[in-house]
Each structure stands twice: as structure tokens, then as C-alpha cells.
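Asker: From the sequence below, what's the structure:
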Amino acid sequence: MITLAIASFGPHLLWQEQAVFSVVAILINVVVGIMMILSNKRQLQGMDELQQRMQLNAMAITLGASLVFGLAYSVVQSSGLISFKEDISHLVLFMGLTYLVSLLMMNKQLNDEGEE
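Answerer: Residues are numbered from 1 along each chain as shown. Coordinates of the predicted model:
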């Protein structure tokens, strides 16, 4: 998050629109993002099979819902049915909420089955 903030706000607040610094900040952000992905992969490998399955199912649901939502949102916006500007933050928020709700529902379902 820090590297993203620096890459986003740095050109305006820190280095007055100098392209070289912006490119370096973006590259650092991408490298940190790749490290985050690898860390997430290691975390998944350390989980038991049920936890892995739940995480992967939540990721699959999130990917599918984000694709459907993102495309529908784009079509609705381009057709003029909505007037507000689309922003990547809307999709990121949708993805986070979808992932969270998916995990909560799977945990609830697992707990309900365990009580029977």
C-alpha cells in the first residue's frame, strides 16, 4: 500500500512530474506486488486441504463475479445508463467484498454441517 501511495501521489507531491522517478516508483510497486503474490502462495501452501479449498473457491467466485460485474458495469456505463465515472477502485472494492462474503458464507456452511 505504501509503494502504491508513493507511485500515485509522488509525481504531484514529491518529484514534480519527473517521469524517471515515476517509472521507478511504478516498477518498485510492481515488484512489491509480485512479492505479495508469492507470499500469498506460500501462505496457501501452509494451510490444510480444507482451508486451501475454501480460499481457492473464494478466489474463483471473486474472479468470476468480478469479470461479470466489471463487464456489465462497463457496458452500462458506455451505453449511457449511468453517468458517473467508472474507476478501478470500484472494482477493487467489489472484489474485496465478494471475497470476504464468500469466505464468510463457506465458513458458516461448514459450521452448520459440523453441528448436524
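Asker: Is L100 inside a helix or a strand, and which specific one?
Answerer: Here L100 sits within helix 88-115, counting by DSSP states H and E.
Asker: average model confidence for that helix?
Answerer: Averaging pLDDT along helix 88-115 yields 89.
Asker: residues of it that come out buried?
Answerer: Across helix 88-115, burial judged by 16 or more other CB atoms under 10 Å covers F94, M95, T98, Y99, S102, L103, M106. Just so you know, the C-beta spots here come from the backbone N, C-alpha and C atoms, and that holds for glycine as well.
Asker: likewise stretch 72-86?
Answerer: Y73.
Asker: got any ranges where the protein has weak pLDDT?
Answerer: For the chain, the stretches with pLDDT under 70 are 114, 116.
Asker: For it, give the helix that spans the most residues.
Answerer: helix 49-78 (DSSP state H).
Asker: What residues sit buried inside it?
Answerer: Across helix 49-78, burial judged by 16+ other CB under 10 Å covers M54, Q55, A58, M59, I61, T62, A65, S66, G70, Y73.
Asker: Generate a markdown table for those residues, with distance to A7 as supplementary columns.
Answerer: Formatted as a markdown table, these follow (distance: CB to CB, whole Å):
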| residue | distance to A7 |
| --- | --- |
| M54 | 33 |
| Q55 | 28 |
| A58 | 28 |
| M59 | 25 |
| I61 | 30 |
| T62 | 24 |
| A65 | 27 |
| S66 | 23 |
| G70 | 23 |
| Y73 | 25 |
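Asker: same for the longest helix of the chain, what does it pack against?
Answerer: Contacts defined by 3 or more CB pairs under 8 Å, 6 or more residues apart in numbering; DSSP states H and E place helix 49-78 against helix 19-45, helix 88-115.
Asker: Of all these, which one comes closest to M1?
Answerer: M1 lies closest, by CB to CB, to one member of the helices and strands packed on helix 49-78: helix 19-45, at 9.4 Å.
Asker: Tell me the buried residues in the closest one?
Answerer: F21, S22, A25, I26, N29.
Asker: Correct me if wrong: the second one contacts W15.
Answerer: I take that to be S22. Yes - contact criterion CB atoms under 8 Å: S22 and W15 qualify, at 7.4 Å.
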